[in-house]
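Engineer: Generate a structure from the sequence data that follows.
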Amino acid sequence: MKAAENAVNCITKGDIAVLKGMSKPAEDIRLVTKVVCIMMGRKIEKKMNPETQKSELDYWGASIKMMNETDFLKSLVNYDKENKLT
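Structural biologist: Residues are numbered from 1 along each chain as shown. Just a heads-up that it's a prediction; the model follows:
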């Protein structure tokens with residue numbers, strides 16, 4: 001748990017800007033941002049996948065919206081891990 005806390009404390013606004021600038025992020029980046037959306041209780045929208053023509057949950061869109069919030073980094077650092085991981 002301490003390693004995760006240390007990793008979160010190393011994230012900068014520049015790091016977030018790089019993520020937001022990605023049009024097609026790698027699958028591991030999508031997975032991490034998906035988990036953060038779930039942990040933060042973000043509303044996820046359904047979106048049509050142009051490649052498969054099937055409706056899918058759009059975690060990347062929700063991730064971008066979340067990262068655009070002015071207090072996003074603060075909310076990560078101050079996440080109540082003791083009471084939310086039950």
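
Engineer: going forward, measure contacts between C-alpha atoms and count neighbours the same way
Structural biologist: Will do.

Engineer: from what I can see Met67 touches Ile16, true?
Structural biologist: Yes: counting by Cα atoms under 8 Å, Ile16 is a contact partner of Met67 at 6.9 Å.

Engineer: which one of those two has more residues nearby?
Structural biologist: Using other Cα atoms under 10 Å, the more surrounded residue of Met67 and Ile16 is Met67, with 19 against 15.

Engineer: Now the top helix by length along the chain - C-alpha only, CSV.
Structural biologist: As assigned by DSSP state H, the longest helix anywhere in the chain is helix 27-39. Taking only C-alpha atoms (Å, rounded to 0.1, in the frame of the first residue of the first chain), the coordinates of helix 27-39 have been written out as CSV:
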residue,chain,number,x,y,z
GLU,A,27,-4.1,-0.9,-23.0
ASP,A,28,-2.2,-0.7,-19.7
ILE,A,29,-2.9,3.0,-19.4
ARG,A,30,-6.5,2.4,-20.2
LEU,A,31,-6.7,-0.2,-17.5
VAL,A,32,-5.2,2.0,-14.8
THR,A,33,-7.5,5.0,-15.7
LYS,A,34,-10.5,2.6,-15.8
VAL,A,35,-9.7,1.4,-12.2
VAL,A,36,-9.3,5.0,-11.1
CYS,A,37,-12.7,5.8,-12.6
ILE,A,38,-14.3,2.9,-10.7
MET,A,39,-12.6,3.8,-7.4
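
Engineer: and the spatially most central residue of the chain, how far is that from Thr52?
Structural biologist: With the centre of the chain defined as its mean C-alpha position, the nearest residue by Cα atoms, centre = their mean is Thr33, 2.8 Å away. Thr33 sits 22 Å away from Thr52, going by Cα to Cα, to the nearest Å.

Engineer: same thing with Asn6?
Structural biologist: For Asn6, the distance to Thr52 - Cα to Cα - is 39 Å.

Engineer: Give me the more crowded residue out of these two.
Structural biologist: Comparing Asn6 with Thr52 by neighbour count (other Cα under 10 Å), the higher total belongs to Asn6, at 11 against 8.
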